[in-house]
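*Asks:* Return a 3D structure for these sequence lines:
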Amino acid sequence: MKLPNYNYHSHTYRCGHAAFVGDLEYINKYINNGFESIGISDHMPNTKYQLPDERSRMDIKHLKTYLKSIKRIKKQNKNINILIGFECEYSNILGKHLCMLKDKCDYLILGQHYIDDINPISNAEYPLIYAKTVCEALDTGLFDYIAHPDYFLKFRDTIKEEYKETYINNCKKCFKMICLKAKKLDIPIEINLNFINNIKIMKDNEYPYPHSLLFNIASKIGNKCVVGIDAHIPSVIDKYNDSFNKVLRDLPKLNIIYDYNPKNQRNKLLDKKYNIFKKNIKNFEHYFLKKIIKKIPYNSNNEEILKIFNKLKSNLLNSKNKTINRLLKEIDTINNSILDLKDKNNMINRKKEFIKITEKRYKEQNKLLNNMINKINKNKDKYNGQKLLKKLKEYYL
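*Replies:* Residues are numbered from 1 along each chain as shown. A predicted model of the protein is given here:
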């Protein structure tokens, strides 16, 4: 049976939850398995203002070495087309950051693993919130295809029985919204092979994803589909043939693209949307402070406004200390484990590095809060609470 000759969904050790192997090991696996075009798309780094997450993504300080490594391998392997990308979550606060990443690579995948401040567990309304965010993301023109649009279904077994009908109906609405938006913009959706390789089945006797609920709708709407291995370890590339054939048996007939290149097959509409988005988007600091200001009650006085910002500073410090204490405990656990010495050293060195990075990122975000506190203190004698809040909102909203 004919197989798609590409894969653009692969990760590296930098994300913290993939195998500690060199980038070349992935490339060699793809070459040995007959792939013609591939992309490395590790999880995007956080901004310099966000506390790092060593278990889920590289830090922004690793960005240059990531790009340099893949470019070097690309030059050394002319017999296979190699692209560099990122798998990203979207929110408007990350807009400038995403634009920076896009301009440095060949393509971006939208992999919406979470929605800020919204818990998907036991939440029957989550699919509608998810759909709104994904559709907003697609309209930016940032992304070339959607990874696992049915990702949140991995939490479906947490929905209480009395809400399951509502949840399923909301899932259907969600997938229809996403599929219609993707169809309109000619953006492919991904058939993700991650859980097919992991052989995990949920209560409804299906994989966490890909799920028939999404792809029955995609089949009717006629969405273009791409296949993504979502490789976090090179050995899963050897299973590609079996995984792909298995997914064809489990899902309806789909419009699968068998020869796909996100860089070459990007359309003019997406470029137009991206140029508009890039021109109008504001920086992280703007949206970060805007989010805080929107939550301040309208009738707050100056002291109450200052109290809110000082509370945020305290929460940030607690979060920083909690992260560092967790990393120190994990280092002790690794030291006392029976892991291979090389693996031990790799894991420990990464965690030690991220302790230093956490301190640095904390200082950057704390500086943002201090700047706002200084601005409030400077104007608190000039304006009362409501007028001061109005002035802040005029600038940030």
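*Asks:* what's whichever helix in the chain runs longest packed up against?
*Replies:* Counting by DSSP state H, the longest helix found in the chain is helix 341-379. In terms of contact count using 3 or more CB pairs under 8 Å, 6 or more residues apart in numbering; DSSP states H and E, helix 341-379 is assigned the packing partners helix 284-294, helix 302-335, helix 385-396. In this view, the C-beta of every residue, glycine as well, is placed from N, C-alpha and C.
*Asks:* 6 Å instead, please
*Replies:* Applying 3 or more CB pairs under 6 Å, 6 or more residues apart in numbering; DSSP states H and E, we find helix 341-379 packed against helix 302-335.
*Asks:* so where do the strands sit in the stretch 1-150 of the chain?
*Replies:* In the stretch 1-150 of the chain, the segments counted as strands under DSSP state E, counting those that start in this stretch are 6-7, 37-43, 81-88, 107-110, 145-146.
*Asks:* Please tell me I have it right and K74 contacts I82.
*Replies:* Yes - here K74 reaches I82: they are 4.2 Å apart, a contact under CB atoms under 6 Å.
*Asks:* Those two - which one has more neighbours?
*Replies:* Each of K74 and I82 has its neighbours counted (other CB atoms under 10 Å); I82 has more, 21 against 16.
*Asks:* Now do the same contact list for that one.
*Replies:* I82 is in contact with I38, K74, counting by CB atoms under 6 Å, 6 or more residues apart in numbering.
*Asks:* could you measure it against D106, distance?
*Replies:* From I82 across to D106, the span is 9 Å (CB to CB, to the nearest Å).
*Asks:* the inter-axis angle of the worst-scoring helix or strand of the chain on mean pLDDT versus helix 302-335?
*Replies:* Across the helices and strands of the chain, the lowest-confidence element by mean pLDDT, DSSP states H and E is helix 385-396, at a mean of 74. Using axes from the mean of the first three to the mean of the last three CA atoms, to 10 degrees, the inter-axis angle of helix 385-396 relative to helix 302-335 is 60 degrees.
*Asks:* And helix 385-396, how far out from the chain middle?
*Replies:* With CA atoms, centre = their mean, to the nearest Å as the basis, helix 385-396 stands 33 Å off its chain's centre.
*Asks:* I189: what's it in contact with?
*Replies:* Applying CB under 6 Å, 6+ apart, the residues contacting I189 are I146, P149, A182, N223, C225.
*Asks:* so what's in contact with I82 and D106 at the same time?
*Replies:* Counting by CB under 6 Å, 6+ apart, I82 and D106 have no common neighbour.
*Asks:* so where's this protein shaky on pLDDT?
*Replies:* Residue ranges of the chain with pLDDT under 70: 1, 197-199, 385, 395-397.
*Asks:* Which residue ranges make up each domain of it?
*Replies:* Domain assignment for the chain by automatic domain parsing gives 6-280, 284-396.
*Asks:* Now do stretch 110-126: everything it contacts.
*Replies:* 87, 89, 91, 129, 133-134, 137, 143, 146-147, 152, 155, 158-159, 163, 166-167.
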